[in-house]
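Chemist: Dropping the sequence and predicted coords here.
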Amino acid sequence: MIQVKHLSKAYGDLLVVKDLSFNLVPGEILGFLGPNGAGKSTTMKMLTGFLTPTSGEISIWGHRLPEESLLAQSRIGYLPEGAPCYEEMTPAGFLAFIAEVRGYSGSDATAAVDRAIDTMSLGSVLHQKIETLSKGYKRRVGLAQAILHEPEILILDEPTDGLDPNQKHQVREMIKGLSKEKIVIISTHILEEVTAVCNRVMVLAAGRIVSDSTPADLLAKSSFRDAISLSFQGEQIPNEAVTLLGELNGVKNVMVTADSLVIFPSPGQVNLLADIYESARAHGWQLSSIHVEKGRLDDVFRSLTEGVAA
Amino acid sequence: MSRILRTILKRELQSYFSTAIAYVFILIFLVLSGLFTFYIGSFYERQQADLAPFFTFHPWLYLFLIPAIAMRIWSEERKSGSIELLLTLPIARRHLVLGKFLAAWLFAGIALLLTFPLWLTVNYLGDPDNGVILASYIGSWLMAGGFIAIGSCMSALTKSQVIAFVLCSFVCLLFVMAGFPLVLNAFKGWVPLVVLDTLASLSFLTHFAAVSKGVLSLQDFLFFVSVILVWLGASSIILDIKKGG
């Protein structure tokens, strides 16, 4: 359980996190979404006990911060932003150090280190200095460090930043594969990551929570929700189609984009797809695709976070 | 020693040796202490079988060599961001501060031990009082501890190792010179006598003067131990205040 009540953080006069309150229970994979400077990292730093809140309360599995920070920290695995670690060490040495700090010794330590190495596929670089590793490997060393003690809570600040698509996929699978008894918090500005991994999304803007819902509900807020996208063969959109479809019964408006025509239905309209299809056939337009939009996250993201005053 | 303290100590000590710092430091320390002893300290000309010329220069040698190893203690962690990792691991602050200090102190001790050829030389040439030499070594090492503790505190203040170095050298200089007229005259006349006396009694040089002659009194011993503890305490407080910044 993570309980956060009225959490605020100020640097001098600048309030970067304003009155956050939320609870998290095991099984929840929370995505922190928000523009740069929204307070995502600062919030994570407070949850891990690195920063002391200006006001508010944090309780990690019943341990209050900052009074019981050691107990709370022993339950948390944390990947700080940019995955910093001791660059002059080798992954093997670094992970052995983490295992010792986490209280492992002897064969338990070896087993924990081996498991982390295995999960993050670090076997081939174990004895190279970390400073010589690629960005992707460094990130994986950071992740290995965070999961080594099989923590109940995993807090990952931009875990896939700088990874290639295969590595991103691997990290997402790792997160999804965690036990249902764990709490995971990830911050990201990659929107697709939220739908790929999380079951809860909190959008932060200027230090406040502007939305807290499931990824599906967040998508449903999109103005593109249930809109119908048409693309035409040869990618030329006939002018006639724009005019005629715009006048179709139940159409609120149409939008022409670079390669498609998006038709927004009036509220409550459900059968538009058939009508549009009919129309296309009747006029002989050569469609290459037609589909109903589930919603676009970038559109929701912008509408939620743009113009939120700091 | 607690397990966690040993873990921190080991990692820190290894980090000195896994970069060039350790080797450069030890080399320069040995070369300079040799130069000071034989040329400036007139080791041969004195015709005395002791290491006084060697130890006399230690405060001045430490003044710029110790900040060079102490400056990285926290600054490097701040610069690379690893401080965030370190401070979110379940490690008590006192273990962290003490572990890092002990590693640097042990490292200085290793460098000091490597001056053993001087001890061999003086024993070959004459018949020195080895008890005096041992006491002087211990005293010198204690003084190095004081310098390192000051360095730890200065390093906690900034993420720039250069600033940490300069600050540390400056504060160490104040402590070395505290008993000198140069410093005392600046305060004379406008501070109470008791403050002036306290200031004078904080001088590393005064306390080390006896030590370099081989007299390690309880008073001097306690002085250096207190200096270490006070500055380590200050490091810990600064870490708490500054970690958010």
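Modeler: Thanks, I have the structure now.
Chemist: among the helices and strands of the chain, which one scores worst on average pLDDT?
Modeler: Defaulting to chain A. helix A:239-247 (a mean of 78; mean pLDDT, DSSP states H and E).
Chemist: You answered for a different chain; I wanted chain B.
Modeler: The weakest-scoring helix or strand in chain B, judged by mean pLDDT, DSSP H and E, is helix B:181-187 (a mean of 77).
Chemist: I'd like the distance from that helix to the chain centre, please.
Modeler: The chain centroid and the centroid of helix B:181-187 are separated by 24 Å, computed with C-alpha atoms, centre = their mean, to the nearest Å.
Chemist: after that helix, next one along is what?
Modeler: Next along the chain after helix B:181-187, taking DSSP states H and E as the criterion, comes helix B:193-201.
Chemist: buried set for that following helix?
Modeler: Buried positions in helix B:193-201, judged by neighbour count with 16 or more other C-beta atoms under 10 Å in any protein chain shown: residue B:199. Where C-beta positions appear, they are placed from N, C-alpha and C, glycine not excepted.
Chemist: what do you get for stretch B:170-180?
Modeler: The neighbour-count check on stretch B:170-180 (16+ other C-beta under 10 Å) flags B:171, B:172, B:173, B:175, B:176, B:177, B:178, B:179 as buried.
Chemist: just to revisit the earlier point, chain center to the least confident helix or strand of chain A: distance?
Modeler: The chain centroid and the centroid of helix A:239-247 are separated by 39 Å under C-alpha atoms, centre = their mean.
Chemist: now for the next helix-or-strand element following that helix, which elements pack on it?
Modeler: As assigned by DSSP H and E, the chain's next helix or strand after helix A:239-247 is strand A:251-256. Applying 3 or more C-beta pairs under 8 Å, 6 or more residues apart in numbering or on different chains; DSSP states H and E, one finds that strand A:251-256 contacts helix A:239-247, strand A:261-265.
Chemist: Would you mind listing what in chain A touches chain B?
Modeler: By C-beta under 8 Å from any C-beta of the partner chain, the residues of chain A that approach chain B are A:11, A:45, A:48-52, A:70-71, A:73-74, A:76, A:78, A:80-82, A:84-89, A:93, A:97-98, A:100-102, A:105, A:145.
Chemist: Drop the exposed ones from those residues and show what's left.
Modeler: Listed as buried from the residues of chain A next to chain B are A:45, A:48-52, A:73-74, A:76, A:78, A:80-82, A:84-89, A:93, A:97-98, A:100-102, A:145; burial here means 16+ other C-beta under 10 Å.
Chemist: which residues sit in contact with residue B:211?
Modeler: By C-beta atoms under 8 Å, 6 or more residues apart in numbering or on different chains, the residues touching residue B:211 are B:55, B:135, B:136, B:139, B:140, B:142, B:143, B:220.
Chemist: Actually, residue B:232.
Modeler: Contacts of residue B:232 (C-beta under 8 Å, 6+ apart): B:97, B:98, B:101, B:149, B:152, B:153.
Chemist: What score does the last one have for pLDDT?
Modeler: Just to be clear, that refers to residue B:153. pLDDT recorded at residue B:153 is 95.
Chemist: repeat for the first one
Modeler: pLDDT, the model's per-residue confidence, is 95 for residue B:97.
Chemist: Give the full set of residues in contact with the closest residue to chain B within the stretch 201-310 of chain A.
Modeler: Proximity of the stretch 201-310 of chain A to chain B (C-beta to the nearest C-beta) peaks at residue A:207, 15.3 Å away. With contacts defined as C-beta under 8 Å, 6+ apart, residue A:207 is in contact with A:15, A:16, A:17, A:18, A:20, A:38, A:39, A:310.
Chemist: same thing but at 7 Å, please
Modeler: Counting by C-beta atoms under 7 Å, 6 or more residues apart in numbering or on different chains, residue A:207 touches A:15, A:16, A:17, A:18, A:38, A:39.
Chemist: Next: residue B:63.
Modeler: Going by C-beta under 7 Å, 6+ apart, residue B:63 touches B:169, B:172, B:173, B:176.
Chemist: That one and residue A:70: what is the separation?
Modeler: Counting by C-beta to C-beta, to the nearest Å, the gap from residue B:63 to residue A:70 is 38 Å.
Chemist: show me the contacts for residue B:53.
Modeler: Counting by C-beta under 7 Å, 6+ apart, residue B:53 touches B:37, B:41, B:42, B:43, B:46.
Chemist: Then residue A:73?
Modeler: The neighbourhood of residue A:73, defined by C-beta under 7 Å, 6+ apart, consists of A:48, A:49, B:88, B:89, B:90.
Chemist: In contact with residue 69, which residues?
Modeler: Picked chain A for this. Residues in contact with residue A:69 (C-beta under 7 Å, 6+ apart) are residue A:49.
Chemist: please go with chain B instead
Modeler: The contact partners of residue B:69, taken as C-beta under 7 Å, 6+ apart, are B:21, B:25, B:104, B:107, B:108.
Chemist: Over to it. Which of the three states is it?
Modeler: Of the three states, residue B:69 takes helix under DSSP: H, G, I helix; E, B strand; the rest coil.
Chemist: Number of residues surrounding the spatially closest residue to residue B:196 that is not a sequence neighbour?
Modeler: Leaving aside its chain neighbours, residue B:196 sits nearest to residue B:187 (5.8 Å; criterion: C-beta to C-beta, 6 or more residues apart in numbering or on different chains). Residues within reach of residue B:187, counting by other C-beta atoms under 10 Å in any protein chain shown, total 13.
Chemist: Name the nearest residue to whatever residue of chain A ends up closest to chain B, sequence neighbours excluded.
Modeler: Using C-beta to the nearest C-beta, residue A:84 is the residue of chain A that sits closest to chain B, at 3.4 Å. Leaving aside its sequence neighbours, residue A:84 sits nearest to residue B:81 (C-beta to C-beta, 6+ apart; 3.4 Å).
Chemist: is it true that that neighbour touches residue A:86?
Modeler: No: between residue B:81 and residue A:86 there is no contact under C-beta atoms under 7 Å: 10.9 Å.
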